[in-house]
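Trainee: fold the stuff below for me.
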Amino acid sequence: MVSGLVIFYFSELSVKFNYNSDLLNYKITLDEIRMEEAKLKGQTQSFYLNATDETIKAGVKKITNSTALIKKNIRALISERNNAINELKVYSQYRYTFSNKITDKLKDLNPSIDIIKGKFTEIGFIYDFEIDKFLNEDTESFGQNYVSDINADLLLINQELEDLNKNVKIIAENSINKISTLSNAKKNISNLLKSFDDLKDLRKRIIFKI
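Mentor: Predicted coordinates:
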């Protein structure tokens, strides 16, 4: 599927940059990110499968190393050399879990907004273009996708990595101190796995575009 999309966009992209070098290097870097992503879920076993202080610390180190490598590759993708690629437009469909973190952030930016109740609470998530509507009352495309660029997705990946590392630290602390109930531990692991999936979805959206 990816090869077909590359052929489809070849005429558009070849006008903007050297396809055989810049785009190929860009895709190689994305593939390096994919390989690190593939390791992440397996590395969480250190927190719950015959877990000890040593396995937990080793798991934190492995995940931290993987996210550090992903960040390094994201920095390479954001470089000025890749501006032509990163300016390609994509339909924005990034989904956030509708939690206190999101509602508090929105209220900080626009205190007059009351979105605690309603459809987003019921369905449990909110898209970025819907958040954009709340922050920009003149937006006419509420409920529809708005167009962003690949660079915006790269920034979202960076934010996802920050959230992921925070979750890892919380889970590791709870596991080491044995202060978490089994249900809470499972919930924390579930949230971490959700972060992995979100990270993968963002990367796939970029590769499908180019």
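
Trainee: give me the domain ranges for the chain.
Mentor: By the assignment in automatic domain parsing, the chain contains the domains 2-91+149-209, 93-145.

Trainee: now do Lys57 against Gln159, distance only.
Mentor: 26 Å (CB to CB, to the nearest Å). C-betas here are computed from N, CA, C, even on glycine.

Trainee: now Lys72
Mentor: Separation of Lys72 from Gln159 (CB to CB) stands at 16 Å.

Trainee: coming back round to it: which of the domains of the chain has the lowest average pLDDT?
Mentor: Of all these, the minimum mean pLDDT falls on domain 93-145 (a mean of 59).

Trainee: tell me which stretches of the protein form strands.
Mentor: 89-91, 95-97, 125-127, 147-149 (DSSP state E).

Trainee: quick one: the helices in the protein, in order.
Mentor: Counting by DSSP state H, one finds helices in the chain at the ranges 2-14, 24-43, 53-77, 83-86, 100-109, 119-123, 128-135, 150-177, 182-209.

Trainee: touching stretch 35-43 from outside, list them.
Mentor: For stretch 35-43, contacts defined as CB atoms under 8 Å, 6 or more residues apart in numbering pick out 59, 62-63, 66-67, 69-70, 73, 193, 196, 199-200, 203.

Trainee: among the residues you listed, who's most crowded?
Mentor: Most neighbours among the contacts of stretch 35-43, by other CB atoms under 10 Å: Ile63, with 26 neighbours.

Trainee: residues contacting that residue?
Mentor: Residues in contact with Ile63, defined by CB under 8 Å, 6+ apart, are 40, 43-44, 164-165, 168.

Trainee: quick one: residues contacting the closest residue to Gln45 other than its chain neighbours.
Mentor: Excluding the flanking residues, the one nearest Gln45 by CB to CB, 6 or more residues apart in numbering is Gly59, at 7.5 Å. Taking CB under 8 Å, 6+ apart, we find Gly59 in contact with 43-47, 172.

Trainee: how much space between Gly59 and Gly42?
Mentor: Counting by CB to CB, the gap from Gly59 to Gly42 is 10 Å.

Trainee: now swap in Ile70 and tell me
Mentor: According to CB to CB, Ile70 and Gly42 sit 15 Å apart.

Trainee: can you give me the neighbour number for Asp53?
Mentor: 10.

Trainee: ok, now how distant is it from Asp197?
Mentor: Asp53 is 28 Å from Asp197, by CB to CB.

Trainee: and Val168, by the same measure?
Mentor: Taken as CB to CB, the span from Val168 to Asp197 is 15 Å.

Trainee: neighbour-wise, which of these two wins?
Mentor: The neighbour comparison of Val168 against Asp197 (other CB under 10 Å) goes to Val168, with 23 against 12.

Trainee: isn't that one right next to Lys62, touching?
Mentor: No - using CB atoms under 8 Å, Val168 is not in contact with Lys62; the gap is 10.0 Å.

Trainee: beta partners of Asp149?
Mentor: Taking DSSP bridges as the rule, Asp149 bridges to Lys89.
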